[in-house]
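Chemist: this one's structure only:
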């Protein structure tokens, strides 16, 4: 398994008061899924990692021989078609989704349907078997810039590009989860803000691993749209700590939607590139680049030029982020000094 800091079991109560549970994680071989899996494993639980391999960052080799890990390489739809049920599991973390501003482009026109279909199927199964569920949404749903709180009105732009299709699909998934509480679902929604760290692939168009890998390979660090966009970067280990330690409190609270991010880690994209260049000791230049020439004509920048989370709901249940921006950058640098970007390599070979 890659060298990462797995500390999700420290500092809080594990699910069910310490009882060993069996957790189903969809998208379990993806960037977020593997970190969530490691958090539950560190807390003494079993995990089943369900993944279609569309956005996987590993083929599962990291977990080979671990008796507490089961890997099922199927989509959510095919999982149920094959006759699997949720009966064996104690809780569901639904992280399966197309991801990344570049990663979603080839699914335009069917992206929304596939995201909603998988969520709807999982919601119905959780209701049938009485399983608690976390669904991942996105900060993209806000459709605007600024300090963004769960109680804020969502704006839907009329430029129906792939990025808006993704945001609308995530918004509909939120609505399904909230309304399904009236049918017996015990579920919450996480809106993650720029989760990053070791294992995240540059293939989806994510900025942190892209800059780190460019700096380490002496390539120019490519900044899009002027680089004045500000983002608040969250460590994947802080995210999984919310799930492992605070999911039950969150479900029992008055809230359905939780912003999970780190406003203290706010930085402009250009300054992030400069910080990574400095921390790697790289001689690479930081250059302005046209994203469409790199990712294709369908690529669009987010409408949220400044995207900062307001953490009212998450703080109310006791969670707070811990990992600083420099720590997060350092962890990502250390990872990519000794590991290859397996997803990016696989996509390049196609």
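Modeler: Great, that's in hand. In this text, all values refer to a predicted model and were calculated from it rather than measured experimentally. Numbers count the residues shown, from 1 in each chain.
Chemist: got the contact list for residue 233?
Modeler: Residue 233 makes contacts with 194, 195, 196, 208, 262, 265, 267, 272, 325, 328, as judged by CB atoms under 8 Å, 6 or more residues apart in numbering. C-beta: built from backbone N, CA, C; applies to glycine.
Chemist: test my guess that the second one contacts residue 239.
Modeler: Yes: using CB atoms under 8 Å, residue 195 is in contact with residue 239, at 5.4 Å.
Chemist: neighbour-wise, which of the two wins?
Modeler: Each of residue 195 and residue 239 has its neighbours counted (other CB atoms under 10 Å); residue 239 has more, 29 against 25.
Chemist: name the SS class of the more buried one, please.
Modeler: Put simply, residue 239 is helix when judged by DSSP: H, G, I helix; E, B strand; the rest coil.
Chemist: show me where the stretch 251-350 of the chain has helices.
Modeler: 269-280, 291-295, 312-316, 325-338, 342-349 (DSSP state H, counting those that start in this stretch).
Chemist: ditto for the chain
Modeler: Secondary structure of the chain (DSSP state H): helices at 31-42, 76-81, 111-129, 162-180, 207-216, 236-252, 269-280, 291-295, 312-316, 325-338, 342-349.
Chemist: so which of those helices comes closest to residue 152?
Modeler: Distance to residue 152, taken as CB to CB, is lowest for helix 312-316 among the helices of the chain, at 10.6 Å.
Chemist: and the helices of the stretch 251-350 of the chain: which comes nearest residue 176?
Modeler: Here helix 312-316 is closest among these (CB to CB), at 18.9 Å.
Chemist: contact partners of the closest one?
Modeler: Residues contacting helix 312-316 (CB under 8 Å, 6+ apart): 149-151, 242, 246, 250, 253, 255, 257-260, 320.
Chemist: any of these buried? List them.
Modeler: 150, 242, 246, 250, 255, 257, 258, 259, 260 (16 or more other CB atoms under 10 Å).
Chemist: need the pLDDT of the third one.
Modeler: The predicted local distance difference test score for residue 246 is 97.
Chemist: let me know the closest of the contacts of residue 233 to residue 348.
Modeler: Residue 348 lies nearest to residue 208 out of those, by CB to CB, at 19.4 Å.
Chemist: give the contact list for the closest one.
Modeler: Contact analysis of residue 208 by CB under 8 Å, 6+ apart lists 196, 197, 200, 233, 272, 276, 328, 329, 332.
Chemist: skipping adjacent residues, who's closest to residue 287 in space?
Modeler: residue 220 (4.5 Å; CB to CB, 6 or more residues apart in numbering).
Chemist: check contacts around the one you found.
Modeler: 214, 284, 285, 286, 287, 289.
Chemist: put together a markdown table for the helices of the stretch 251-350 of the chain, with mean neighbour count and distance to residue 161 on each row.
Modeler: Below are the helices of the stretch 251-350 of the chain laid out as a markdown table (neighbours: other CB atoms under 10 Å; distance: least, CB to CB, whole Å):
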| stretch | mean neighbour count | distance to residue 161 |
| --- | --- | --- |
| helix 269-280 | 19 | 20 |
| helix 291-295 | 14 | 12 |
| helix 312-316 | 17 | 29 |
| helix 325-338 | 18 | 29 |
| helix 342-349 | 14 | 21 |
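Chemist: mind checking the helices of the chain for the one nearest to residue 301?
Modeler: Across the helices of the chain, residue 301 has its closest neighbour in helix 291-295 (7.0 Å, CB to CB).
Chemist: run the chain-centre distance for that closest one.
Modeler: Relative to its parent chain, helix 291-295 has a centroid offset of 23 Å by CA atoms, centre = their mean, to the nearest Å.
Chemist: neighbouring contacts of that helix?
Modeler: By CB under 8 Å, 6+ apart, helix 291-295 touches 101, 102, 105, 205, 222, 224, 225, 299, 301.
Chemist: residue 34: which of those is nearest?
Modeler: residue 205 (19.2 Å).
Chemist: for that closest one, list the residues it contacts.
Modeler: 100, 101, 102, 103, 295, 299.
Chemist: what about the closest residue to the first one other than its chain neighbours, neighbour count?
Modeler: Okay, so that is residue 100. Computed as CB to CB, 6+ apart, the closest residue to residue 100 that is not its neighbour in sequence is residue 204, at 2.2 Å. Residues lying near residue 204 (other CB under 10 Å) number 23.
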